[in-house]
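> just a sequence and a predicted model for now, questions to come.
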Amino acid sequence: MSDGHPPAGVESIDVAGVRVDSYSESTLIDRVLTMSSGDRTEVAVGVNAHVCNLARKDERFSQLLDASTTYADGQSVVWAAKMLGLPLPGRLATTDIAEPILRAAARSDIPVYFFGAADGVAESAATKLRAKIPGLALRTHHGYVSADQIDGVLDDIAAHGTRILFVGMGDPAQQLWVDAHRDRLPPAVLTCGGLFDWLSGSNRRAPEWMIRAGLEWLWRLIIEPRRLAKRYLLGNPSFMAAVARQKLRGSRA
């Protein structure tokens, strides 16, 4: 397992107990492509308030994050960093960074694989992306796989010559799945939650003004209230309290 430390020139900060690497869009793309040429599996994880909350409660999940490349997926993390006096270049939503990574992969003839989501969702996303990105070698498999089918999926990932794998299962399930099968995975793995639902159009992105204002979380709550109410209505205050405690400790020090 990698120690997760970023390459030279990329700084890291602590937000509510989670290391967040200070990547820009271009440096993160470079990092993923560098990972894809390696000879061991490395993982990139987008950090948001929910991830920070999970890490405080789950030591194993926290360890997996510490061994990964991390970036600021949530606007809440960017705001928290600014409040702590440790500003980040900006938010790198996985939904926004995915296509630039895929374009870079296509230019470099790097095969990519999508694993996760309901049957047909990842393939629907892939169909749209192949039409937009010439030369993109992208294969998919849905995430509703039984234990006795996992070997077949791993064989298919390998048969594609995959160098970049997107795993969309939600936190912390996706990181635990990657860790369990690390010895059979390609060199670059990005955990991506519900990315395929957004790329396929199954879920509609927030209006641009909400994204610019950092309110995409509110849009997600509006369209998926049952699933996300606890995460946002309880989780966001919990995250803010953790950041406030960190700020207070820093002031005292």
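That came in fine, so what should we check first? These numbers were taken from a predicted model, which means no experiment stands behind them.

> my guess is T95 contacts D197. True?
No. The pair T95 / D197 is not scored as a contact, 9.7 Å apart, by Cβ atoms under 8 Å. For every residue, glycine as well, the C-beta is placed using N, CA and C.

> same for the helix or strand encompassing L102, what does it pack against?
Using DSSP states H and E, L102 maps to helix 94-107. On a contact count with 3 or more Cβ pairs under 8 Å, 6 or more residues apart in numbering; DSSP states H and E, helix 94-107 meets helix 25-36, helix 121-132, strand 164-168, helix 195-200.

> buried stuff in the strand or helix carrying F61?
Taking DSSP H and E as the definition, F61 sits inside helix 59-66. For helix 59-66, a neighbour-count test (16 or more other Cβ atoms under 10 Å) marks F61, S62, L64, L65, D66 as buried.

> can you name the next helix or strand after the helix holding L102?
strand 112-116.

> that next one pairs with which strands, and in what direction?
For strand 112-116, the paired strands and their directions (DSSP bridges) read strand 138-141 (parallel), strand 164-168 (parallel).

> would you mind giving the helices and strands packed on helix 94-107 as CSV with mean pLDDT, distance to R91 and mean neighbour count added?
As requested, these are arranged in CSV below (pLDDT from 0 to 100; distance: least, Cβ to Cβ, whole Å; neighbours: other Cβ atoms under 10 Å):
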stretch, mean pLDDT, distance to R91, mean neighbour count
helix 25-36, 97, 10, 19
helix 121-132, 98, 21, 18
strand 164-168, 98, 19, 25
helix 195-200, 96, 15, 24
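
> of those, which is nearest G74?
G74 lies closest to helix 195-200 among these, at 14.0 Å (Cβ to Cβ).
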